[in-house]
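[1] Give me the fold of what follows.
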Amino acid sequence: MAGVSLVALTACGKPMEAPEAVINKAKQAVMDVSSGHVTAMATAKGTNVTDNLNFDGKMELAFDKSDLTKPKADFHVALSGGLKAAEKSLNGAFDLNFVTLDKLYYAKLNKLSTSDDSLITVQPFIDKYKGKWLKIAEDFIPQNIRDMQVEDEATKLKQQKMKELFVQSTLFDVTKEYGVEKLNGRSVYHYGLSVNTDGFKDYMAKAAAIDGREMTIQEIEEAVKVLDYIKEAELYVDVEDYYILKSVFKFSGEALNQGSNLEVELTIEGSDFNKSVSVKAPEGAEDFNPLNLMMGLGGVPTEPTVTPEEGAPADTTVTEPVGTDAASTKGTIDTTANGTEGDQ
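    Next up, the predicted model:
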């Protein structure tokens, strides 16, 4: 009995710790992570009397923010699914790579397909860019993404307060202890969790205050309603360094209208925390201006005609064939006005 008790109370020669202490150390470990790999997988199923939804998604992220002046990340997301509503059925898939390095941004669209007629009509324009690494001008990157790479002293102080608040707040309660298990060769504490709604309310109010905002009681109550959808949560914490190596969340509940139900399962796994992570700029990336795509999606006029300026001969017009570039239109201009060829 003494031998069995000794085995049950130790993990790799280390005494078992109280769940609350482990969770607090795990939250602190999350705040101290500066690099690593994260994978998230999600599945969703929704049904009601006549409609149904099926969705699968996967996200992979390699990141390194150890040098705050030069953060880098390699992000990949793939989504696929279908929706059947009444007599209409839609299916689609999306696959994208995104890399940021030295404040430069690259993207590659691997796949974009859908049965939606509205997108099928512009598919030829999208296909021009598929499978190519494109270098995106900084001006076209959303400001909130660019701001993530700018950290002045005031921002650093705010972030530090946010980290301390996160560690101090009780957001989940441990409801079940599964013991110490093996996960990918590592010993981990495995816990079942439940949402601490009051803890979330307190956290949101204090976080808003740190950010210079104020949330009303009504706003907080509305925001935490989504927590009711979390029916199950599990956490796997490394016994040695307290990194969260895996977490599983299961959501279910009534969707947009009565009689409908939505079920979502989200699994997040992490590895290589605070280790060297390789993120490289793609080779042969082409400069990309999103305005070119927007202009293409706007449609191309047929046989555009430029009318002559005032004072020019009435028969002087310039007609440019549709679908050709500047180089291919050389020699198509009617130069009946006076002047040399160079002037024309």
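[2] Identify the bridge partners of the closest residue in space to Phe63 that isn't next to it in sequence.
    Nearest residue to Phe63 in three dimensions, chain neighbours excluded: Ala73, at 4.3 Å (CB to CB, 6 or more residues apart in numbering). In short, each C-beta sits where N, CA and C put it, glycine included. Beta-bridge partners recorded for Ala73 (DSSP bridges): Phe63, Thr100.
[3] thought Ala73 was touching Glu60?
    No - checked against CB atoms under 8 Å, the pair Ala73 and Glu60 is beyond contact range at 10.9 Å.
[4] Tell me if I am right that Gln159 is in a helix.
    Yes - using DSSP: H, G, I helix; E, B strand; the rest coil, the assignment for Gln159 is a helix.
[5] where along the stretch 201-344 of the chain do the helices fall?
    217-223, 290-297 (DSSP state H, counting those that start in this stretch).
[6] Partner strands of the strand or helix carrying Thr175, with direction?
    Using DSSP states H and E, Thr175 sits in strand 172-183. According to DSSP bridges, strand 172-183 has the following sheet partners: strand 186-195 (antiparallel).
[7] So which bits of the partner strand are buried?
    Residues Arg186, Val188, Tyr189, His190, Tyr191, Gly192, Leu193, Val195 are the ones in strand 186-195 that count as buried (16 or more other CB atoms under 10 Å).
[8] again with stretch 242-260
    Tyr242, Tyr243, Ile244, Leu245, Lys246, Ser247, Val248, Phe249, Phe251, Ser252, Ala255, Ser260.
[9] which residue sits closest to the last one, ignoring its sequence neighbours?
    Ranked by CB to CB, 6+ apart and with sequence neighbours excluded, the top spatial neighbour of Ser260 is Asn48, at 3.6 Å.
[10] mind listing the strands in the stretch 201-344 of the chain by residue range?
    Along the stretch 201-344 of the chain, the segments classed as strands by DSSP state E, counting those that start in this stretch run 230-238, 244-253, 261-271, 286-288, 305-306, 318-319.
[11] How about the contacts made by the closest residue to Gly92 other than its chain neighbours?
    Once flanking residues are discounted, Gly92 sits nearest to Thr114: 3.7 Å by CB to CB, 6+ apart. For Thr114, the contacting residues are Leu90, Asn91, Gly92, Ala93, Ile120, by CB atoms under 8 Å, 6 or more residues apart in numbering.
[12] What strand or helix carries the fourth one?
    Here Ala93, judged by DSSP H and E, is contained in strand 88-101.
[13] so how far is that strand off the chain centroid?
    11 Å (CA atoms, centre = their mean, to the nearest Å).
[14] which secondary structure elements does it contact?
    strand 72-85, strand 104-114 (3 or more CB pairs under 8 Å, 6 or more residues apart in numbering; DSSP states H and E).
[15] Low-confidence ranges, the stretch 51-200 of the chain, go.
    In the predicted model, the stretch 51-200 of the chain carries pLDDT under 70 at residues 86, 139-151.
[16] I'd like the buried residues of stretch 242-260 as TSV, with pLDDT and distance to Lys161 appended.
    Converted to TSV, the buried residues of stretch 242-260 look like this (pLDDT from 0 to 100; distance: CB to CB, whole Å):
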residue	pLDDT	distance to Lys161
Tyr242	98	22
Tyr243	98	23
Ile244	98	22
Leu245	98	27
Lys246	98	29
Ser247	98	25
Val248	98	30
Phe249	97	27
Phe251	94	30
Ser252	91	35
Ala255	63	36
Ser260	76	41
